[in-house]
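S.K.: Make a model of this:
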Amino acid sequence: MARYTGPKTKISRRFGEPITGNGKWLTKNSNPPGQHGANKRRKSLSEYGLQLKEKQKAKYTYGVLEKQFRKTFDEAARKRGVTGENLIKLLEARLDNTVFRMGIAPSRQAARQLVSHKHITVNGDVINVPSYSCQPGDVIGLKNKSAANTAITSNFRGKNTKFNWLDWSEAEMKGTFITYPERASVPETIKESLIVELYSK
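M.R.: Numbers count the residues shown, from 1 in each chain. Purely as a prediction, here's the structure:
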């Protein structure tokens, strides 16, 4: 599947948040991208513009293109519960995002590469589909050969204790997707209600 490969800092500056990774450049220049930067007067966004911006923000954050994002939204709408919260849960359950959250990779882009290059296993089987949806109880780990690769293990950053829906043991090189996360536990500042309003039109 195609994906955005352009300047990541440009995207972060557009939204004013480090949504594509390290936000160190935002401290130097947090103005929106473009020739005129901060001096350009920008019109206030319409209701539709705000909704579209929030959808774009979610897509760039999780590295998902339109067709797959819409498919995920439709699945969220079919599930019981609040559609917006279901959408975030499904995006968080993606294999590439789970690998990132467990601290195996320093970014979602790096996690996606690990999955695509067949370094990651789910329940003992190699899975090379970044969009694979993890289910509660799934055990995610590294292949034995990959676990011995220092180029991979040197990038481990450890699981954030705030992500209580995941478990990771660096000693065993495996972790468990315990359950779908509650919306309050997900740190992303995405207003999913605006996305629901956009797709409901």
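
S.K.: Show me what the helix ranked longest in the chain is in contact with.
M.R.: Longest helix in the chain, counting residues (DSSP state H): helix 47-62. Residues outside helix 47-62 that contact it (CB atoms under 8 Å, 6 or more residues apart in numbering) are 4, 11, 15, 17, 19-20, 45, 64-66, 69, 87, 91, 94, 97, 108, 188, 190-192, 194-195, 197-198. C-betas here are computed from N, CA, C, even on glycine.

S.K.: residues contacting F177?
M.R.: When contacts are counted by CB under 8 Å, 6+ apart, F177 touches 93, 98, 134-140, 165-166.

S.K.: Among those, name the buried ones.
M.R.: The neighbour-count criterion (16 or more other CB atoms under 10 Å) marks 93, 98, 134, 138, 140, 165-166 among the contacts of F177 as buried.

S.K.: In strands, which of those residues fall?
M.R.: Mapping the buried ones among the contacts of F177 onto strands (DSSP state E) picks out 138, 140, 166.

S.K.: Roughly how far does the second one sit from Y4?
M.R.: Spelled out, it's I140. 25 Å (CB to CB, to the nearest Å).

S.K.: go on, the first one?
M.R.: The spacing between D138 and Y4, counted by CB to CB, is 27 Å.

S.K.: for G124, same thing?
M.R.: G124 sits 32 Å away from Y4, going by CB to CB.

S.K.: higher neighbour count, those two?
M.R.: The neighbour comparison of G124 against Y4 (other CB atoms under 10 Å) goes to Y4, with 14 against 9.
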